[in-house]
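Peer 1: Just need the structure, nothing else, for what follows:
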Amino acid sequence: MSDKPSIALSIAHLIDALNARFGQACAWLTLFLVLGTAVVVVLRYGFGIGATALQEAVLYAHALVFMGAAAWVLQRNGHVRVDIFYQGFSARRQALVEILGTLFFLLPLCLFLGWASWDYVTNSWSTLEGSSESGGLKFVYLQKSIILVLVVSLVLQGVSDVIKSVLLFTGRLPEPEVKHG
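Peer 2: Residues are numbered from 1 along each chain as shown. Okay, here's the model as predicted:
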């Protein structure tokens, strides 16, 4: 029975590591967003040259930055939350809030989003949908797939968070040290 928490915790750490690496890689795309947008503006307004493919690449990167890094941000507690009461709770009570919030809000939302977007994404893949703009990128189906990347990564991060919170709540994981300042 003592192996179960360590196996579960190993799974949670693996999920955390995968989401962190993917999120960090997506975060680096912000540099491309800035540079790509600047190039599009200079080409368009400075030289009168349209750069449809670059504009669309910036759009793809924008989607990937926000949807690809969402699970990493969740892992780091970076999402907006109203913690009027939460910050004053004990670690056990915070763990219970995390468990309930994940099971009753995050996971159902992800399942709905996956269900609602499935046909949208698979229809795009079935036709290998490309840009409707001349000179645009031919990979619209990849951009639409980012929605499912969001769903899968958030579900996995939710599972990781529930594992760690259950272990903390049941006393099989030590309470984190309180950081001051």
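Peer 1: centroid residue for this protein?
Peer 2: A70 (2.4 Å; CA atoms, centre = their mean).
Peer 1: how close does it sit to L100?
Peer 2: According to CB to CB, to the nearest Å, A70 stands 20 Å off from L100. The C-beta positions use only the backbone N, C-alpha and C, and glycine is treated the same way.
Peer 1: What ranges does this protein have for its strands?
Peer 2: Assigned by DSSP state E, the chain shows no strands.
Peer 1: for the closest residue in space to S117 that isn't next to it in sequence, what are its contacts?
Peer 2: Leaving aside its sequence neighbours, S117 sits nearest to I147 (CB to CB, 6 or more residues apart in numbering; 4.5 Å). With contacts defined as CB atoms under 8 Å, 6 or more residues apart in numbering, I147 is in contact with M67, L113, S117, Y120, V121.
Peer 1: what does S131 give?
Peer 2: So S131 contacts T52, E56, L137, K138, V140 (CB under 8 Å, 6+ apart).
Peer 1: Span of stretch 119-136 from start to end?
Peer 2: For stretch 119-136, the first-to-last residue distance is 23 Å (CA to CA, to the nearest Å).
Peer 1: Equivalent analysis for stretch 133-149, please.
Peer 2: 25 Å.
Peer 1: How about stretch 67-81?
Peer 2: Where stretch 67-81 starts and where it finishes are 18 Å apart, if you go by CA to CA.
Peer 1: cool, stretch 86-106 as well?
Peer 2: OK, stretch 86-106 end separation, CA to CA: 17 Å.
Peer 1: and the contacts of I147, which two are the farthest apart?
Peer 2: Spatial extent of the contacts of I147 (CB to CB) is set by the pair M67 and Y120 at 13.9 Å.
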